[in-house]
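Chemist: Pasting the sequence and the predicted coordinates here, then a few questions.
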Amino acid sequence: MANFRSVAFLFLSLLVAMSLAGQEEPSGREESPPPPQGTGSPPPPDPWFVGGAVGLAFGDEVNYIEFSPIAGYRISRKFQLGATLTFRYRKDKRFEPDLSTTDVGGSLFGRYFVLDPIFLQVEVERLNWEYLVIVDDDYVAVDSVYTGLYAGIGYSLPMGPNAAMYMSFLWDFAYDSNEPSPNPHPWLIRIGYGVVF
C-alpha cells in the first residue's frame, strides 16, 4: 500500500509541476503575428512523437532481446510526457535444461529540458517479470511485479530535422538490494530514438 502511495504521489507531483511550469510568463511585449501563408516559413512542429529502443545480446551463455516502443507529447518547448511499453526475453544456457524468462510492462515518464539538449527525467515503471529461485536443488522461474521509481538526467542528440537520440542516466529510488529486482543495481542507462510525426 505504501508503494502504491509513493507511485501515485510521484506521478501527481510530476503532473502538477509540468502544468505550472508550462504556463509562460508574459514578456511585457507583443508577439509578432504569424507570417502570412505562402512565405516559405516552415509549419510549427507536431507535438506528437514516437520512437523506442531495441536491446540485443547473443552469446554462449545468455541470449537477451528487448523491445521498448515509446509514444509521447510535447506540452511545450521544454516539457514532454510519454509512455513506454517493454518486452524483454532472456534465455540462459548455463542451466540444464535452458531457462527462459520474460518481462512485460510499461512506464510513464516526463522530461523537462533545463538547457537544451540537457533534460531532467522522472519515470514510473510497472513490470511483470520473472526471476530464478532454487527449489529442491533445481532452478525455477518465479513471476513477480516490480514498480520502479526513476529520476535522473539525460541528453538529446538531434539526428535530423524530425528525429533525435535520447540518452538517460537514471536512479531507481525503489531499488532494494535485499529484495528481488529486474535491475542488477539502482542506476540505469537508457538509450532510445524519437521521431516527430
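Modeler: Structure's in. What do you need? Numbering: from 1, shown residues only.
Chemist: In this structure, spot the strand with the most residues.
Modeler: strand 138-158 (DSSP state E).
Chemist: helices and strands around the helix or strand just after that one, which ones?
Modeler: Note on strand 138-158: by DSSP states H and E, the next helix or strand toward the C-terminus is strand 163-172. In terms of contacts (3 or more Cβ pairs under 8 Å, 6 or more residues apart in numbering; DSSP states H and E), strand 163-172 is packed against strand 118-135, strand 138-158, strand 187-196. C-beta: built from backbone N, CA, C; applies to glycine.
Chemist: Paired strands for strand 163-172, with orientation please.
Modeler: Partners of strand 163-172 in the sheet, by DSSP bridges, are strand 138-158 (antiparallel), strand 187-196 (antiparallel).
Chemist: and it, which residues are buried?
Modeler: Judged by neighbour count using 16 or more other Cβ atoms under 10 Å, the buried positions of strand 163-172 are Ala164, Tyr166, Ser168, Leu170, Asp172.
Chemist: What residues are bridge-paired with the first one?
Modeler: As for beta bridges, Ala164 partners with Pro158, Gly194 under DSSP bridges.
Chemist: same check, this time on the fourth one
Modeler: Note on Leu170: beta-bridge partners Gly152, Leu188, judged by DSSP bridges.
Chemist: For it, give me its contacts.
Modeler: If you count contacts by Cβ atoms under 8 Å, 6 or more residues apart in numbering, Leu170 has them with Gln121, Glu123, Tyr150, Ala151, Gly152, Trp187, Leu188, Ile189, Arg190.
Chemist: how close does it sit to Gly110?
Modeler: 12 Å (Cβ to Cβ, to the nearest Å).
Chemist: any residues in contact with both of the two?
Modeler: Gln121, Glu123.
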